[in-house]
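Q: next comes the sequence, and after it the predicted model I'd like to discuss.
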Amino acid sequence: MKNQFVADVLYKIADLLDIKGEIYFKTRAYRVAAQTIENLDEDIEIIVRENRIGSLPGVGEGISKKIRELVETGKLEYFERLRKEFPEGLLSLLSIPGLGPRKVASLYKNLGITNIDELRKACIDGKLRDLDGFGEITERNILRGIHLLEKTSGRVLLNVAYLDGNNYQEYLKKFDRIDKISIAGSLRRMRETIGDLDILASSDYPDELMDYFVKYPDVQRVLLKGRTKTSVLLKDGVQVDLRVVGKESYGAALQYFTGSKEHNVHMRSIAIKKGFKLNEYGLFDKKTDKYIVGRTEEEVYNRLGMSYIEPELRENRGEIEAALENKLPRIIEYDDVKGDFHVHSTWSDGSDTIETIVDNAKKIGYSFIGIADHSQSLKIARGLSEEKLIKKIAEIERINKKNNDIRVLCGTECDIKPDGSLDYSKNVLKKLDFVYIGIHSKFKMNKKEMTRRIISGMENEYVDFLAHPTGRLIGRRDPYEIDIEQIIDAARETNTLLEINAFPDRLDLNDINIKFAKERGVKLVLGTDAHSISHLHFMRFGIATARRGWLEKKDVLNTYPIKEIEKILQK
DNA sequence: GCCGTTTTCGGCCCGACTGTTTTCAGTCG
């Protein structure tokens, strides 16, 4: 699929046009089109072939032509020309906090700055302060921005932000003149990475609340401070924004600050069409400015003729249209999951014994727990030989006899070898309660070979689940070269469930592919890939990703009663 | 550049804060 490639080119065109000083609405048009392509659950090449580009929302005549050229030739003349007008590194300057297209253009035009290193030097030399609109403070802020960008690459993983957010929220709840408080922003939507953390509160004492907010022990620096908005930088590099609004605006503000930006833009344009004005203070009559609703999010959605939209769905991927028709799926809830399939024990590279894992699973309230250790060829992770695996099956039988309130399932995470064969014989595989397969070596095969390798694995009759299907590690390793559509189709044909690996740096499959798999009739299975009992709680992030992929309870094996799961696995 | 219960031209989401100004442009979300 070339979808991401096409979207990236459109985003870059928008950035370049911004720097060129093109009108805002033109560059926005490119970004809207890019977002549409990015969120498609269909291959753009097929859409081009069938002459359906023009029917995509936000894609008109001009951009249609450009997409066609890009898909058919792999290049775009217009983009190449535009790119030649500016040096290569200029776009990277836009990712520095505080620098937008106007300032970047001025830096380039007046000082000839083309990349981050040159900008850093110019700041240190005090060259920026003479430019219109720049000063000494700007220089310092840019230097800080560069430092921050290099330290954190701008975003943190969901689990880090989740912990920071909850701890901060607990601290703020101790302020006794606070009425309401919620996490908002991309953390509330449970995106896989979080740029900064948004917290919303309502209080009749905003000044005192802001004073209390900046005294949090983990605060490194206060970035800005006002009556309604204050931002701080935590010691771990995460930025936290607190917004304070009145009670009558709380729902509208929560809706607004939860985003996504694209969801909000769409919401507001619907409000306008229906004769309203929507902002963070409420829903107002467009003509008279009279306040209509705003205390709760439900009120806002309902008054606009929509059903309530869960935060995880708010990415402008069709949820607004579905809510208008009252056709949103009832997505899986966080307490629907009855157990975990993907847990490593001391038998391979896990740090806890099966008994400890079982005790913790019981405490969580699970009705089953699946132990899936590595297979024999994965020496680095102390993969089990067939003999050892047989012994492990016996140990799990013993543990099951001692425990009536939880069922322990013995599985494996069996390696798919480069030739597509599996790392255990069928004789052994058939003795297990379930079989995960996964890629753990030779990641750099070409697309055709890698796709064939994985599909060969799935064709084995004893295989139940495909672990971390794309192999990506967020921020560290790209997905393997695979044809995800072929994999999804093969999963349906071979009755293999695709995993949503809940480990925070994997979250694999991701939300878009999950939605795609569901639409193709494939079921999914959640696994934490826990290597210690503290990782069992990562399940939350897997469920969040399932919710972002529009999954319902029935789409996820972990929500079924254990009797039914055993029946399904025996087939 | 896109789009149409305000429509084929003229809008396009909108408010807060900062730094640089002396009334506002730029950035952010």
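A: Sure thing, it's come through.
Q: give me the domain ranges for chain A.
A: Partitioning chain A according to automatic domain parsing yields domains covering residues A:1-85, A:94-153, A:156-245, A:265-324, A:339-570.
Q: lowest average confidence across the ones you listed, which one?
A: Looking at these, the lowest mean pLDDT belongs to domain A:94-153 (a mean of 87).
Q: that one and DNA strand B, any residue contact?
A: Yes - Domain A:94-153 reaches DNA strand B (CB under 7 Å from any atom of the strand) through A:96-104, A:129, A:132-138, A:141. Heads up, the C-betas are built off the backbone N, CA and C, glycines and all.
Q: got a ChimeraX select line for the buried ones in those residues?
A: Per 16 or more other CB atoms under 10 Å, the buried members of those correspond to this ChimeraX selection:
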select /A:96,97,99,101,103,104,134,138,141
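Q: report how many residues lie close to the closest residue to residue A:336 other than its chain neighbours.
A: Distances taken as CB to CB, 6 or more residues apart in numbering place residue A:559 nearest to residue A:336, at 4.5 Å, with adjacent residues excluded. Residue A:559: 22 surrounding residues under other CB atoms under 10 Å.
Q: same question, residue A:478
A: Close neighbours of residue A:478, defined as other CB under 10 Å, add up to 10.
Q: what residues does the residue nearest to it when sequence neighbours are not counted make contact with?
A: Closest residue to residue A:478 apart from its sequence neighbours, by CB to CB, 6+ apart: residue A:472 at 6.1 Å. Taking CB atoms under 8 Å, 6 or more residues apart in numbering as the contact definition, residue A:472 lies against A:478, A:479, A:506, A:508, A:510.
Q: any idea which element the closest residue to residue A:443 other than its chain neighbours lies in?
A: Residue nearest to residue A:443 in three dimensions, not counting chain neighbours: residue A:480, with 5.6 Å by CB to CB, 6+ apart. Here residue A:480, judged by DSSP states H and E, is contained in no helix and no strand.
Q: contact partners for residue A:480?
A: Counted by CB under 8 Å, 6+ apart, residue A:480 has contacts A:439, A:443, A:445, A:450, A:470, A:471.
Q: ok, now with 6 Å
A: Counting by CB atoms under 6 Å, 6 or more residues apart in numbering, residue A:480 makes contact with A:443, A:450, A:471.
Q: give me the subset of those residues lying in helices.
A: Among the contacts of residue A:480, DSSP state H puts residue A:450 in helices.
Q: show the buried residues in the contacts of residue A:480.
A: With burial judged by 16+ other CB under 10 Å, the buried subset of the contacts of residue A:480 is A:450, A:471.
Q: just put the contacts of residue A:480 in TSV and tack on distance to DNA strand B.
A: Converted to TSV, the contacts of residue A:480 look like this (distance: CB to the nearest atom of the strand, whole Å):
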residue	distance to DNA strand B
A:443	33
A:450	35
A:471	30
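Q: as a markdown table, the contacts of residue A:480 with distance to residue A:70 would be great.
A: Shown next, in a markdown table, are the contacts of residue A:480 (distance: CB to CB, whole Å):
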| residue | distance to residue A:70 |
| --- | --- |
| A:443 | 28 |
| A:450 | 25 |
| A:471 | 27 |
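Q: closest to residue A:159 out of the contacts of residue A:480?
A: Of all the contacts of residue A:480, residue A:159 sits closest to residue A:471, with 19.5 Å by CB to CB.
Q: which phi and psi does the nearest residue to that closest one once chain neighbours are set aside have?
A: Distances taken as CB to CB, 6+ apart put residue A:480 closest to residue A:471, at 4.6 Å, once the chain neighbours are dropped. Phi and psi for residue A:480, reported as degrees, to the nearest 10, are phi -60, psi 160.
Q: quick check: residue A:480 vs residue A:145, distance?
A: The gap separating residue A:480 from residue A:145 is 34 Å, by CB to CB, to the nearest Å.
Q: hang on, the earlier thing: need the winner for burial among the domains of chain A.
A: domain A:339-570 (a mean of 20; mean count of other CB atoms under 10 Å).
Q: starting at the chain centroid, how far to that one?
A: Centre-to-centre, domain A:339-570 and its host chain are 20 Å apart (CA atoms, centre = their mean, to the nearest Å).
Q: could you work out the end-to-end span of it for me?
A: Domain A:339-570 has an end-to-end distance of 18 Å (CA to CA, to the nearest Å).
Q: swap in stretch A:362-372?
A: First residue to last in stretch A:362-372 (CA to CA) measures 18 Å.
Q: which residues are in contact with it?
A: Under CB under 6 Å, 6+ apart, the answer for stretch A:362-372 is A:338-343, A:345, A:354, A:361, A:406-409, A:411-413, A:436, A:562.
Q: repeat for stretch A:4-23
A: Contacts for stretch A:4-23 (CB under 6 Å, 6+ apart): A:27, A:30-31, A:33-34, A:37-38, A:44, A:67, A:70, A:79, A:82, A:91, A:94, A:101, A:104-105.
Q: narrow those residues to those in helices?
A: Counted as lying in helices by DSSP H, out of the contacts of stretch A:4-23, are A:27, A:30-31, A:33-34, A:37-38, A:44, A:67, A:70, A:79, A:82, A:101, A:104-105.
Q: closest one of these to DNA strand B?
A: Nearest to DNA strand B among the ones in helices among the contacts of stretch A:4-23: residue A:101, at 5.0 Å, using CB to the nearest atom of the strand.
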